[in-house]
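In: The following block contains a protein sequence and its predicted model.
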Amino acid sequence: MKVGIDKMHFASSHLYVDMTELARARGAEPDKYLIGIGQAQMAVIPPSQDIVTLAANAAYPMLTQADIDAIDLLIVGTESGIDNSKASAIYVAHLLGLNRRCRTIEMKEACYAGTAGVQLAQEHVRVHPDKKALVIGADIARYGLNTPGEPTQGGGAVAMLISADPQVLALGTDSTLLSQDVMDFWRPLYRSEALVDGKYSSNIYVDYFQDVFKGYLSGTKTRAEDLTALVFHLPYTKMGLKALRSALPMVSETKQEAWVAHFECARKLNRQVGNLYTGSLYLSLLSQLLTDPELQAGNELGLFSYGSGAEGEFYTGIIQPDYLKGIDLGLPQRLARRRRVDVATYEKCFNQQLAWEATDQTIDYHTDPHRFVLIGQRDEQRQYLDQWA
Ligand code: CAA
């Protein structure tokens with residue numbers, strides 16, 4: 001039985017900052033951000049969006065009533081949690097009108113938790129093939145203004161419906177994992193911005209990729225040459241390129257050229273959004289499926305997921321004949337229609353997030369065009385609104 005991704009949809013902000021402008025404001029060469037980091041634009045998340053609204057805005061447009069009736073598992077993977085106890089997934093299930101008989105949880109292991117969700121969901125569907133699972137990776141990447149990590153911020157959510165006989169990608173049942181205690185990136189409970197050892201984290205990322213990729217090839221019948229393209233978690237798009245380059249000596253020259261060309265498509269949309277932690281690998285998969293003219297049904301993709309801390313996994317999927325029916329075809333146009341804001345406006349948005357304190361707060365959401373918005377906090381409870389209802 002085939003099980004895998006049946007539908008995929010993305011949501012982020014309607015605002016972005018141009019990386020050339022941000023580089024100039026920070027006294028950096030624009031090419032450092034554009035080429036050295038590999039980012040052209042960065043999503044600016046307004047205070048009216050958090051992981052709950054991003055997740056709900058990602059999933060809502062792709063779900064039919066039949067999907068909603070069949071979903072009995074919702075997993076939100078995130079490292080931008082909004083509560084130490086209650087799962088963000090419960091709010092998301094409510095906004096989406098999901099079935100009450102649905103297992104509804106939030107998962108955490110840095111950027112890896114979206115993949116943990118996908119793998120648990122595919123196992124769930126293999127046992128219950130008449131059911132569907134909704135997995136959403138939703139995050140807001142925050143390092144701080146004027147920090148080295150700043151050009152690798154961003155935010156958004158990717159929602160994936162996991163089912164039997166999927167339209168988009170049939171997932172393999174083999175995968176290789178690596179999990180060890182590494183202090184490359186973390187966020188103590190009292191901080192809203194991550195702590196990171198940037199260079200170390202980038203080196204560990206490549207080490208993990210090498211370990212799980214080679215482990216996968218030696219433990220399965222798959223040869224590197226069989227893989228049409230490699231799709232990576234992209235905290236910044238140069239990171240994926242570094243990992244890809246480390247794999248090129250393993251294949252023929254023709255395959256090397258093909259992998260590099262496919263990678264340029266896989267990073268196209270991530271270059272315009274920035275990091276979205278748990279969703280980054282899956283935005284890159286969307287980018288591959290939406291913008292790569294050389295892809296065909298039957299092609300096998302290798303996927304590398306990495307979460308600092310650290311955990312990595314390599315697995316594969318086969319593109320299905322109807323894949324264009326299951327993906328977010330309007331995404332490139334939606335990104336092109338976003339509003340560019342100046343650096344001062346980006347900084348204001350960055351500093352205007354709902355404060356971590358007990359007071360009642362209101363958020364001006366009237367210029368936010370998204371269906372689901374965060375409108376404030378009352379009696380220490382976050383207030384969400386479906387402004388199109
Ligand atoms: N033209 C072209 N390239 C230029 C340039 C110019 N004018 N000026 C500099 N560069 C290049 C540099 O040579 C360098 O390239 P290489 O990495 O290939 O050597 C690149 O631009 C970056 O320059 P620096 O190394 O000087 O950059 P930096 O010290 O300011 O920091 C960073 C870069 C470490 C990625 C930092 O942005 C950071 O800490 N980011 C957050 C951490 C991160 O994303 N880690 C990734 C792995 S962890 C993970 O994947 C989980 C996750 O999502 C966080």
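Out: Nice, thanks for sending it over. Bear in mind the structure is a predicted one, so any value in this text is a computation, not a measurement.
In: out of everything not next to it in sequence, what's closest to Leu15?
Out: Val44 (4.2 Å; C-beta to C-beta, 6 or more residues apart in numbering). (Each C-beta comes from the backbone N, C-alpha and C, glycine too.)
In: Model confidence at that neighbour, what's the number?
Out: On pLDDT, Val44 comes in at 98.
In: which phi and psi does it have?
Out: In terms of degrees, to the nearest 10, the main-chain angles of Val44 are phi -110, psi 110.
In: Surely it touches Asp18?
Out: No: shown here, Val44 and Asp18 do not form a contact pair, counting by C-beta atoms under 8 Å, at 10.5 Å.
In: Is the helix or strand where Ile318 lies in proximity to the ligand?
Out: Here Ile318, judged by DSSP states H and E, is contained in strand 311-319. No: Strand 311-319 does not reach the ligand (C-beta under 6 Å from any ligand atom); its nearest approach is 9.6 Å.
In: CA atoms only for the helix or strand just after that strand - export them in CSV, please.
Out: On the C-terminal side of strand 311-319, the nearest following helix or strand under DSSP H and E is helix 323-326. Only the C-alpha atoms of helix 323-326 are listed here, as CSV (Å, rounded to 0.1, in the frame of the first residue of the first chain):
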residue,chain,number,x,y,z
TYR,A,323,1.3,15.5,-7.9
LEU,A,324,0.3,18.9,-9.5
LYS,A,325,-3.3,18.4,-8.2
GLY,A,326,-2.2,18.1,-4.6
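In: residues of stretch 164-173 that come out buried?
Out: For stretch 164-173, the neighbour count (16 or more other C-beta atoms under 10 Å) marks 164, 166-172 as buried.
In: What pLDDT does the model give the nearest residue to Leu303 once chain neighbours are set aside?
Out: With sequence-adjacent residues excluded and distances taken as C-beta to C-beta, 6+ apart, Leu303 is closest to Val231, at 5.0 Å. pLDDT recorded at Val231 is 99.
In: before we move on, what about the one 5 residues further on?
Out: According to the prediction, Tyr236 has pLDDT 98.
In: My read is that it contacts Pro151, right?
Out: Yes: applying C-beta under 8 Å, one finds Tyr236 in contact with Pro151, separated by 7.2 Å.
In: How about the residues of this structure by the ligand?
Out: 29, 31-32, 35-37, 110-111, 148-149, 151-152, 185, 196, 198-199, 201-202, 205, 233, 235-236, 239, 275, 277, 306, 308.
In: wait, is Gln218 part of a strand?
Out: Just so we're on the same page, residue 218 is Ser rather than Gln. No: if the criterion is DSSP: H, G, I helix; E, B strand; the rest coil, then Ser218 is helix and not within a strand.
In: What's the separation between it and His14?
Out: According to C-beta to C-beta, to the nearest Å, Ser218 stands 46 Å off from His14.
In: who's more crowded, the two?
Out: Legend: neighbour count by other C-beta atoms under 10 Å for Ser218 and His14, higher for His14 (18 against 8).
In: contacting residues for that one?
Out: Counting by C-beta atoms under 8 Å, 6 or more residues apart in numbering, His14 makes contact with 337-339, 368-370.
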